[in-house]
Structures are given as structure tokens and as C-alpha cells.
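# no sequence for this one, just the structure:
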């Protein structure tokens, strides 16, 4: 089954649950396993939280989620149009956080990479950041 959706919403922490629920509702037609649902929910939550906390630290903005079901896989792109990242290698290091004073664990990207089958991070300073992830939804016998 091939299907697509786009969702744009304000980068507010209270919208993290909405985003997670919308993506799960989108994939329910393919009857994902509980583990697949949990993995997707966790990765989406981490990506949206990063957009809210890091993408727009001093201003309001929007988050764009694009999903596509293609050949038994969910392709997700989550983007902000905020401050961007100047050193991608640094932020991909486990436990790295740009906000240690807020008691951030620095594990968001590590969690996304662990729970998804494919992960890519692209960013440009003052343009924004996109996380692209794929989760296979095929059934394992």
C-alpha cells in the first residue's frame, strides 16, 4: 500500500503527543506490531521535541511532518525551519547536549537511530533541520 500525508503545526511542546498520534493513526492500516508502534512513537516524539527545544529556542515556528507508506516501510521526514545545526557530527554523539543547564540527556538522536531502520540528519544554520527516518513495517514470521 502506498500512501502519503503532510502535517504542519506550531512548534509547541503540547503538540508532541498530537504529532505522535497522527503518525501512528496514519500507519494503522498496515496493522503494525506493538513494537513497531512503540518504536515509531518514540522516534517521532524525540524528533518533534528536538524541533521545539532546539529549532526555535527564541522564537515561534512550525514543524512539518511528511510520511509515506511505501513497500511495507514508513518513511518519515520531520523538519523545522529554525536555527539549524552547525556541527552535525557533534550533535550525533551520544550524551551531547547544547542545553546542559536544562538537564537534557543528549540522547534524542541516538534513540531515533536505535529505534528506526534508517536515519539521516540534514541541517543548515539559520535555515532549519530535517530528520529522515525509515521503519520497516513488514511482518516477521
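Received the coordinates, thanks. Bear in mind the structure is a predicted one, so any value in this text is a computation, not a measurement.

# Tell me where this protein has helices.
With helices called from DSSP state H, the chain shows them at 16-27, 34-50, 88-91, 108-115.

# average pLDDT for the last one?
When pLDDT is averaged along helix 108-115, the result is 86.

# Now do the buried residues in it.
108, 109, 110, 111, 112, 113, 115 (16 or more other CB atoms under 10 Å). No exception for glycine: its C-beta is placed from N, CA and C like everyone else's.

# got the residues you listed as JSON lines, with distance to residue 134 columns?
Converted to JSON lines, the buried residues of helix 108-115 look like this (distance: CB to CB, whole Å):
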{"residue": "108", "distance to residue 134": "18"}
{"residue": "109", "distance to residue 134": "15"}
{"residue": "110", "distance to residue 134": "17"}
{"residue": "111", "distance to residue 134": "16"}
{"residue": "112", "distance to residue 134": "11"}
{"residue": "113", "distance to residue 134": "12"}
{"residue": "115", "distance to residue 134": "11"}
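
# ok, these vs residue 56, which is closest?
The closest of these to residue 56 turns out to be residue 108 (CB to CB; 15.4 Å).

# Next up, the contacts around residue 47.
76, 78, 108, 112, 131, 133 (CB atoms under 8 Å, 6 or more residues apart in numbering).

# Which pair in those residues has the greatest spatial separation?
Among the contacts of residue 47, 76 and 108 lie farthest apart (CB to CB), at 14.7 Å.

# Could you list the low-confidence segments of this protein?
For the chain, the stretches with pLDDT under 70 are 1, 88, 90-107, 140-141.

# ranges for the strands of it?
Per DSSP state E, the chain carries strands over the ranges 3-10, 62-70, 73-80, 118-124, 128-136.

# From the chain's centroid, how far away is the first one?
Strand 3-10 has its C-alpha centroid displaced from the chain centroid by 13 Å (CA atoms, centre = their mean, to the nearest Å).
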